[in-house]
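**Student:** With the sequence up front, the predicted model follows.
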Amino acid sequence: MGRKGPDKHLKRHQSPMFWPIERKAGVWATKPKPGPHSQGNAMPLNVLIRDELKYAKTARESKYLVKQGKILVDGKPRVDHRFPIGLMDVVTIPDTDEHFRVLPDHNGKLRLQPVSVEEAKFKLARITGKKTLQGRRTQLNLHDGQNLIISAEADSYKVNDVVKLKVPEKEILEHIEFKEMQHIVITGGRSQGAQGMIIGLGPEPGWKKTCTIRTPQGEDIRTLLGYVFVVGSKQPVITLNAGEGQ
């Protein structure tokens, strides 16, 4: 009888290239559990604590820290060392008073951006879909697997718009529209990690629609609309670079 279901294990040489692990140091790697982010776009808490932040030397030590509830993701303690950490997640370590936001970096990587205590109280989530429910309510599907039910001003929320959510309450603090002259960060493709402002939307229909971005250096980048994540109107509402204020 053949095997059923997905593989329960992950070999190191098959892990995503942006994971900061040594490919030849062993055979196995921690496989992220199914959750808010796909395996190709996230790393498990175990890898984050041991290999990225260097707070543990072994997987056993990092598991111990996680099991004690010492790591908060979006304001909630996560006790599973396989929990996936991905784009725009807010990671908090109360014992060291450190706060990080996960942002896209060049060459398909993810990076941890240190943020202030106040900024760690919210996250940005992109609207990837909408669904009408009974009672004139609307469900917003977000990029991190969350679903929000709203009843008022549902028509003003469009796919590709971004909502600023208070964590862990999931209360909408701000609605950022996807349109020209908005500040963005590119989350995929060969220009991943670039920042700039939308100066034009392509005429292509469907999922291949493109977007033209102008960087602070004056360079124009054309990329798929699906790779563009709005982060602010007049200015970014999150810290994007080291030393940059909100």
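**Tutor:** Structure received. Numbers count the residues shown, from 1 in each chain.
**Student:** counting residues per helix, which one in this structure is longest?
**Tutor:** helix 59-67 (DSSP state H).
**Student:** Where does pLDDT dip in the chain?
**Tutor:** Residue ranges of the chain with pLDDT under 70: 1-3, 242-246.
**Student:** redo that, cut-off 90
**Tutor:** 1-30, 34-35, 38-41, 59, 107-109, 132-137, 150-155, 202-208, 234, 241-246 (pLDDT under 90).
**Student:** So for it, the centremost residue is which one?
**Tutor:** Leu87 (1.2 Å; CA atoms, centre = their mean).
**Student:** OK, contacts around that residue?
**Tutor:** By CB atoms under 8 Å, 6 or more residues apart in numbering, the contact set of Leu87 is His37, Asn41, Val102, Leu103, Pro104, Leu110, His143, Asp144, Thr187, Phe229. The C-beta positions use only the backbone N, C-alpha and C, and glycine is treated the same way.
**Student:** circling back: which residues are contacting the next helix or strand after the longest helix of the chain?
**Tutor:** As assigned by DSSP states H and E, the chain's next helix or strand after helix 59-67 is strand 72-73. Outside strand 72-73, the residues that touch it by CB under 8 Å, 6+ apart are Leu45, Arg78, Phe83, Ile85, Asp89, Val90, Val91, Thr92, Ile93, Pro94.
**Student:** now those: which count as buried?
**Tutor:** By neighbour count, with 16 or more other CB atoms under 10 Å, the contacts of strand 72-73 hold Leu45, Arg78, Phe83, Ile85, Asp89, Val90, Val91, Thr92, Ile93 as buried.
**Student:** my read: the third one touches Gly35, true?
**Tutor:** It refers to Phe83. Yes - at 6.2 Å, Phe83 counts as touching Gly35 under the criterion of CB atoms under 8 Å.
**Student:** And Lys67, how close does it get to Gly75?
**Tutor:** To Gly75, Lys67 is 19 Å away according to CB to CB, to the nearest Å.
**Student:** These two: which is more packed in?
**Tutor:** Gly75 (17 against 12; other CB atoms under 10 Å).
**Student:** What are the buried residues along stretch 68-87?
**Tutor:** 70-75, 78, 81-87.
**Student:** quick one on the thing from earlier: columns neighbour count, distance to Val162 and secondary structure on top of the contacts of Leu87, output as JSON lines?
**Tutor:** Compiled in JSON lines, these are given as follows (neighbours: other CB atoms under 10 Å; distance: CB to CB, whole Å; DSSP: H, G, I helix; E, B strand; the rest coil):
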{"residue": "His37", "neighbour count": "22", "distance to Val162": "17", "secondary structure": "coil"}
{"residue": "Asn41", "neighbour count": "18", "distance to Val162": "17", "secondary structure": "helix"}
{"residue": "Val102", "neighbour count": "22", "distance to Val162": "15", "secondary structure": "strand"}
{"residue": "Leu103", "neighbour count": "24", "distance to Val162": "14", "secondary structure": "strand"}
{"residue": "Pro104", "neighbour count": "24", "distance to Val162": "14", "secondary structure": "strand"}
{"residue": "Leu110", "neighbour count": "25", "distance to Val162": "18", "secondary structure": "strand"}
{"residue": "His143", "neighbour count": "20", "distance to Val162": "9", "secondary structure": "coil"}
{"residue": "Asp144", "neighbour count": "20", "distance to Val162": "12", "secondary structure": "coil"}
{"residue": "Thr187", "neighbour count": "22", "distance to Val162": "12", "secondary structure": "coil"}
{"residue": "Phe229", "neighbour count": "21", "distance to Val162": "7", "secondary structure": "strand"}
